[in-house]
Structure formats: C-alpha cells, structure tokens
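1. Pasting the sequence and the predicted coordinates here, then a few questions.
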Amino acid sequence: MAFIKVAELEDIGIGQGTLIEHDGVTIALFNAGGGRFFACSPTCPHEDGPLAEGWLEGDAVVCPWHGYDFDLTSGACRVAPGLSVSVYPVRVNGSGVEIDLP
Ligand code: FES
C-alpha cells in the first residue's frame, strides 16, 4: 500500500466524482469540498450502478441508479446493511490528490 497521485485538485469540482484508473485499478474519487476527498470501489454492489456518476450527501455517495447511499468513511450501505463498497484513504499533497491504493 502506498499513496499515489491520481489527480490534480482542480480536476474534480466540489460535490462531484470522477473515475480514476491506475495500474489496472479503477476507483471512484469524490471531492467533498474543504480539501476533503473520498475514494471507493466504482461499482455499486446493488445492481452494478456507476458510483462515480453519483452525488455526495455529506460523507456518503448516492448511487445514480436506485439511490442507495454508501458511507465513504466505512463503505457501509445506509439502506441495505448487507451491502458495502471498499473505501480507500485519500490525502491532498500540494496540488495533487493521492490515494492509498491496495
Ligand atoms: S445499482 Fe446502485 S442502487 Fe441500484
């Protein structure tokens, strides 16, 4: 595990997500504003919705397909306790956004 720069700060608008690919790993990255970013696995475990196209509500991402939301600090689904996504540590370093990739 190591923090890898995957984006510039200005690449992702506040409240938005984007899909990041690095060395064959695909991750959804979100800018929550105030220098806070979150990263999670990109595919919704409900019916494979694209989480990077979802939107943030506080510290959770809402899947654009059926509205299930996932806590981006724990990965837990708030409406279906049996579902979860993987979450990854994110940090800002200078003008870059870095993810601790598996
Ligand atoms: S596919 Fe994400 S909520 Fe259904």
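-> Now that the structure is in, tell me what you want to look at.

2. Tell me which residue lies nearest the centroid of the chain.
-> In the chain, the residue lying closest to the centroid (CA atoms, centre = their mean) is residue 39, at 3.0 Å.

3. so it touches residue 88, yeah?
-> Yes - with contact defined as CB atoms under 8 Å, residue 39 counts as touching residue 88 (4.2 Å). All C-beta spots, glycine's among them, are computed from the backbone N, C-alpha and C.

4. list residues touching both of these two?
-> 27, 99 (CB atoms under 8 Å, 6 or more residues apart in numbering).

5. Low-confidence regions, this protein specifically.
-> 1 (pLDDT under 70).

6. Residues of it that sit close to the ligand?
-> 44, 46-49, 63, 65-68 (CB under 6 Å from any ligand atom).

7. CSV for those, including neighbour count and secondary structure?
-> Below are these laid out as CSV (neighbours: other CB atoms under 10 Å; DSSP: H, G, I helix; E, B strand; the rest coil):
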residue, neighbour count, secondary structure
44, 24, coil
46, 16, coil
47, 10, coil
48, 11, coil
49, 18, coil
63, 23, coil
65, 15, coil
66, 12, coil
67, 11, coil
68, 22, coil
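
8. Among the residues you listed, which pair sits farthest apart?
-> By the measure CB to CB, 48 and 67 form the most distant pair in the residues of the chain next to the ligand, at 14.8 Å.

9. In CSV, list the residues of the chain next to the ligand along with distance to residue 12.
-> What follows is those, written out as CSV (distance: CB to CB, whole Å):
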residue, distance to residue 12
44, 19
46, 24
47, 25
48, 23
49, 19
63, 18
65, 21
66, 24
67, 22
68, 22
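
10. For residue 56, state which of those is nearest.
-> Set against residue 56, the nearest of those by CB to CB is residue 63 (11.8 Å).
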